[in-house]
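[1] Coordinates only, no sequence provided:
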């Protein structure tokens, strides 16, 4: 009986990727802002380029990592997983 409980726990502990679609969208926007910043820098902009690069590197990319991608599992979903 004890062995059966351990096997059930192993089934429950499946890996889920912590990033959701919101994370990937923010990351893509961050990369786009960085690319536009470098293009602007190569065109000679000394005001817009640093603003875009700082926005991309220091705001958007970290936000895409920090923001929670998936919602918490509800009690109903947890009960269904146990069955």
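    Received the coordinates, thanks. Because the structure is predicted, anything quoted here is derived from the model rather than measured.
[2] What backbone torsions are found at residue 32?
    Main-chain torsions, residue 32, degrees, to the nearest 10: phi -60, psi -40.
[3] swap in residue 52?
    The phi/psi pair for residue 52 (degrees, to the nearest 10) reads phi -70, psi -40.
[4] Just the pLDDT at it, thanks.
    Here the pLDDT value assigned to residue 52 is 98.
[5] show me the contacts for it.
    When contacts are counted by CB atoms under 8 Å, 6 or more residues apart in numbering, residue 52 touches 33, 34, 36, 37, 40. The C-beta positions use only the backbone N, C-alpha and C, and glycine is treated the same way.
[6] Skipping its backbone neighbours, what lies nearest residue 57 in space?
    Distances taken as CB to CB, 6 or more residues apart in numbering place residue 34 nearest to residue 57, at 6.6 Å, with adjacent residues excluded.
[7] what residues does the strand or helix carrying the one you found touch?
    Secondary-structure assignment from DSSP states H and E places residue 34 in helix 21-42. The contact list for helix 21-42 (CB under 8 Å, 6+ apart) reads 48-53, 55-57, 59-61, 63-65, 67, 69.
[8] can you count the residues close to residue 23?
    Neighbour count for residue 23, taken as other CB atoms under 10 Å: 19.
[9] scratch that, residue 47
    For residue 47, using other CB under 10 Å, the count is 8.
[10] Quick check on it: phi, psi?
    Dihedral angles of residue 47 (phi, psi; degrees, to the nearest 10) stand at phi -110, psi -50.
[11] how about the contacts of residue 52 in JSON lines, adding pLDDT, neighbour count and distance to residue 18?
    What follows is the contacts of residue 52, written out as JSON lines (pLDDT from 0 to 100; neighbours: other CB atoms under 10 Å; distance: CB to CB, whole Å):
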{"residue": "33", "pLDDT": "98", "neighbour count": "20", "distance to residue 18": "23"}
{"residue": "34", "pLDDT": "98", "neighbour count": "18", "distance to residue 18": "23"}
{"residue": "36", "pLDDT": "98", "neighbour count": "16", "distance to residue 18": "28"}
{"residue": "37", "pLDDT": "98", "neighbour count": "21", "distance to residue 18": "28"}
{"residue": "40", "pLDDT": "98", "neighbour count": "18", "distance to residue 18": "33"}
